[in-house]
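Asker: just coords:
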């Protein structure tokens, strides 16, 4: 039992050091992502358009409107990362490859807002894909596994003294006397 405790403590000690930086990155980026709807610095606030119905403009109009925004650097469809159409808010978000977000009214084609969007960069830091797509298998997955082992070993380190006390009480109770909690 003593050797297992020593091994468990060493696993806990060295595992903590190994995952410290990746875990700090995941925690800090996760906190920022939780706040993305509240902090315009992370993700631009959504501006509502005129209509709350089916969009009246099509993709060619959305593309041409977004193309006029110079900072977004859109000259072809390949310069667009994605388009998020929100009929209930009467707008479409065009996110360019250089992370600018253009919000366009889906009825009037008026540009509602242009802003830099950091949430996608923070998300790629969070999941490790900012280095490479396969980093999640090389860093994120092992970090998660080690974190699970640390949790399990930490729970064991926490529970073991309690289990010993319970066994000792049970043994003493079966022997016919009780222990004094002050004498340790």
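Answerer: Yep, that arrived. Fair warning: this is a prediction, and the values are worked out from it, not measured in the lab. Residues are numbered from 1 along each chain as shown.

Asker: and the helix or strand in which residue 157 is found, what other elements does it pack with?
Answerer: Element membership of residue 157, judged by DSSP states H and E, is helix 141-175. For helix 141-175, the packing partners by 3 or more CB pairs under 8 Å, 6 or more residues apart in numbering; DSSP states H and E come out as helix 2-34. Just so you know, the C-beta spots here come from the backbone N, C-alpha and C atoms, and that holds for glycine as well.

Asker: now the angle from the helix it packs on to helix 141-175?
Answerer: If you take axes from the mean of the first three to the mean of the last three CA atoms, to 10 degrees, helix 2-34 sits at 130 degrees to helix 141-175.

Asker: Can you point out the buried residues in helix 2-34?
Answerer: By neighbour count with 16 or more other CB atoms under 10 Å, helix 2-34 contains the buried residues 8, 12, 15, 19, 22, 23, 25, 26, 29, 32, 33.

Asker: Neighbours of the nearest residue to residue 9 once chain neighbours are set aside, how many?
Answerer: Distances taken as CB to CB, 6 or more residues apart in numbering place residue 157 nearest to residue 9, at 7.1 Å, with adjacent residues excluded. When counting by other CB atoms under 10 Å, one arrives at 13 neighbours for residue 157.

Asker: still on that earlier bit, quick one: average confidence on the helix holding residue 157?
Answerer: Averaging pLDDT along helix 141-175 yields 84.

Asker: List the buried residues of that helix.
Answerer: In helix 141-175, counting by 16+ other CB under 10 Å, buried: 143, 146, 147, 150, 153.

Asker: in the chain, which helix or strand is least confident?
Answerer: With mean pLDDT, DSSP states H and E as the measure, the helix or strand of the chain carrying the lowest mean pLDDT is helix 135 (a mean of 76).
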